[in-house]
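Novice: Please work out how this folds:
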Amino acid sequence: MSNNNDLIQTLSAIAEGSALADSRHTRQAATEHTQGCYEALFTTATASFPLAERVAIAAQVAQWHQADSLSQHYQTLDIAAEPTPHLQAALDFARYLTFEPVSVTPQHLQQLQQAGWHTDSLITLAQLIAFVSFQSRLITGFTLLTALTEPSAVEVNPPATTAGRWHMQSRTAGNRRAPQAFTRKELGWEPWLAPKAFDSFSEQQQQVLTRFGHQHSDYFLLLGHDQPVLEQRTLIDKGIFYTPGGLSRAERELAATVVSKVNGCIYCASVHARKASQFSKKTEEIALLLQVQPGDELAAGQSDRWQAEIEAVAALSLTPPRLTQEHLLALQRQSLTTLEITDLIQSAAFFAWANRLMLTLGEPFIPEQQAVEGIQEAKSA
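Specialist: The predicted structure follows:
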């Protein structure tokens with residue numbers, strides 16, 4: 001992929017032939033489809049979500065992340081958007097998704113609908129905001145990695161990062177039992193908007209959904225309201241998490257779990273803590289991470305290598321990101337290669353995207369059998 005067709009490379013000032021450029025070539029699928037998702041969102045538009053509004057929202061989200069080069073990129077597209085109630089409602093929603101996605105409720109989606117946002121455009125809006133959150137973190141991480149120098153004589157230890165808050169209500173909007181603590185048990189997820197019926201997709205679209213195993217998932221059928229973006233996103237996911245070499249799969253799943261602890265996403269954490277436990281065999285360490293309470297240090301009690309990874313991922317996951325060169329040097333001191341650090345950055349950035357969709361388009365619930373077992377355990381205790 002040439003520099004002209006790789007926005008992240010351009011805005012992160014990644015020199016061709018550098019170790020980071022080579023790492024991104026090694027992760028070619030993630031690199032290619034990150035650009036593909038950008039093009040799906042910003043080279044086409046619809047009457048209900050015109051390009052001018054997309055660019056204005058993207059520029060603002062990037063600015064909130066203090067990703068100056070990305071914000072300027074969107075501003076230089078120079079497509080003026082009229083200040084309308086439709087756009088203002090989207091910007092209000094974007095602020096929640098950017099800074100505290102766990103605070104979004106079904107009422108926020110209703111407010112968007114009242115402002116004229118229908119399900120198709122609303123899903124594209126959520127994807128756009130979350131994607132720019134992903135872009136911003138890639139640029140933050142890669143810019144620091146590109147400029148990484150030898151440690152100064154006086155070593156600076158960045159402050160430890162803490163867990164964020166999460167939902168504590170006992171029932172979901174659909175009146176199912178809701179999880180109130182992080183867990184490795186399997187959870188369900190109920191959407192706040194109607195998923196697109198599988199039969200309503202074209203035959204070709206159905207084949208794509210089936211190829212990725214999405215045909216029975218409410219979450220992916222909901223995202224299917226904008227299938228081009230969903231397809232690119234799925235290919236990015238596979239390019240980041242299911243590729244050989246580099247960072248171990250266990251540590252990529254650890255990164256996903258840490259981001260979910262920062263953002264308060266119980267559902268994502270349940271999936272990826274389970275995988276991290278399976279791949280690492282460190283069940284006690286993962287259990288310790290899940291038990292961290294809001295405001296407490298995420299890396300406490302972990303091995304030196306995991307502490308360095310957890311601190312870097314958590315710092316990158318804040319808005320705006322607080323990742324520093326000291327975090328990256330700590331990773332290097334744990335013998336992480338440039339490819340491994342690239343994998344860590346991409347894994348963390350992707351879950352800034354995933355959490356923002358999971359937390360703002362629906363919520364987790366405890367499957368009925370688990371709920372019954374939980375009640376029985378409580379009675380016998």
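
Novice: can you list the weak-confidence ranges in this protein?
Specialist: Segments of the chain classed as low confidence (criterion: pLDDT under 70) are 1-4, 149-156, 371-381.

Novice: Buried residues of the longest helix belonging to it, list them for me.
Specialist: When the chain is parsed with DSSP state H, its longest helix is helix 119-146. By neighbour count, and taking 16 or more other C-beta atoms under 10 Å as the criterion, the buried residues in helix 119-146 are 119, 121-146. To be clear about C-beta, it is placed using only N, CA and C from the backbone, and glycine gets the same treatment.

Novice: what number of residues lie near residue 190?
Specialist: If you count neighbours by other C-beta atoms under 10 Å, residue 190 ends up with 16.

Novice: what do you get for residue 218?
Specialist: Using other C-beta under 10 Å, residue 218 is surrounded by 16 other residues.

Novice: for residue 295, same thing?
Specialist: That count, for residue 295 with other C-beta under 10 Å as the rule, works out to 9.

Novice: what does the one 4 residues further on give?
Specialist: Residues lying near residue 299 (other C-beta under 10 Å) number 22.

Novice: Pretty sure it sits in a strand.
Specialist: No. Assigned with DSSP: H, G, I helix; E, B strand; the rest coil, residue 299 falls outside any strand and is coil.

Novice: So it sits against residue 312, correct?
Specialist: No. In this structure, residue 299 is not within contact of residue 312 by C-beta atoms under 8 Å, at 9.7 Å.

Novice: show me what contacts residue 162?
Specialist: 292, 294, 295, 296, 297, 298, 314 (C-beta atoms under 8 Å, 6 or more residues apart in numbering).

Novice: if you set the cut-off to 7 Å instead, what comes out?
Specialist: By C-beta atoms under 7 Å, 6 or more residues apart in numbering, the residues touching residue 162 are 295, 296, 297, 298.

Novice: same check, this time on residue 131
Specialist: If a contact means C-beta under 7 Å, 6+ apart, then residue 131 has 37, 41, 353 as its contacts.

Novice: check contacts around the second one.
Specialist: In this structure, residue 41 makes contact with 54, 128, 131, 229, judged by C-beta under 7 Å, 6+ apart.

Novice: Among those residues, which one sits closest to residue 306?
Specialist: Closest to residue 306 out of those is residue 131 (28.6 Å), distances taken as C-beta to C-beta.

Novice: And that closest one, how close does it get to residue 62?
Specialist: 11 Å (C-beta to C-beta, to the nearest Å).

Novice: just residue 43 next, same as before
Specialist: Computed as C-beta to C-beta, the residue 43 to residue 62 distance reads 18 Å.

Novice: Looking at the two, which is more packed in?
Specialist: Neighbour comparison, residue 43 and residue 62: the larger count goes to residue 62, with 25 against 8 (by other C-beta under 10 Å).

Novice: and residue 352, what element?
Specialist: helix 338-361 (DSSP states H and E).

Novice: could you say what helices and strands that helix packs with?
Specialist: Helix 338-361 sits against helix 19-26, helix 119-146, helix 227-241, helix 249-263, helix 266-280, helix 304-317, with contacts defined as 3 or more C-beta pairs under 7 Å, 6 or more residues apart in numbering; DSSP states H and E.

Novice: among the ones you listed, which is the most enclosed?
Specialist: helix 249-263 (a mean of 26; mean count of other C-beta atoms under 10 Å).

Novice: Which other helices and strands does that one contact?
Specialist: Secondary structure elements in contact with helix 249-263, counted by 3+ C-beta pairs under 7 Å, 6+ apart, are helix 266-280, helix 304-317, helix 338-361.

Novice: What count of nearby residues applies to residue 171?
Specialist: Applying the criterion other C-beta under 10 Å, we find 10 residues in the vicinity of residue 171.

Novice: I'd like the distance between residue 212 and residue 220.
Specialist: Taken as C-beta to C-beta, the spacing of residue 212 relative to residue 220 amounts to 8 Å.

Novice: Neighbour count for those two, which is higher?
Specialist: Here residue 212 and residue 220 are compared on neighbour count by other C-beta under 10 Å; more neighbours surround residue 220, at 19 against 16.

Novice: and the helix or strand containing residue 53, C-alpha only, in PDB?
Specialist: Using DSSP H and E, residue 53 falls within helix 51-64. Taking only C-alpha atoms (Å, rounded to 0.1, in the frame of the first residue of the first chain), the coordinates of helix 51-64 have been written out as PDB:
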ATOM      1  CA  LEU A  51     -20.700  14.000   3.600                       C
ATOM      2  CA  ALA A  52     -20.600  17.500   5.100                       C
ATOM      3  CA  GLU A  53     -22.100  16.200   8.400                       C
ATOM      4  CA  ARG A  54     -19.800  13.200   8.400                       C
ATOM      5  CA  VAL A  55     -16.700  15.400   8.000                       C
ATOM      6  CA  ALA A  56     -17.800  17.900  10.700                       C
ATOM      7  CA  ILE A  57     -18.500  15.200  13.200                       C
ATOM      8  CA  ALA A  58     -15.200  13.400  12.500                       C
ATOM      9  CA  ALA A  59     -13.200  16.600  12.800                       C
ATOM     10  CA  GLN A  60     -14.800  17.300  16.200                       C
ATOM     11  CA  VAL A  61     -14.300  13.700  17.500                       C
ATOM     12  CA  ALA A  62     -10.600  13.800  16.500                       C
ATOM     13  CA  GLN A  63     -10.200  17.200  18.200                       C
ATOM     14  CA  TRP A  64     -11.700  15.800  21.400                       C
END
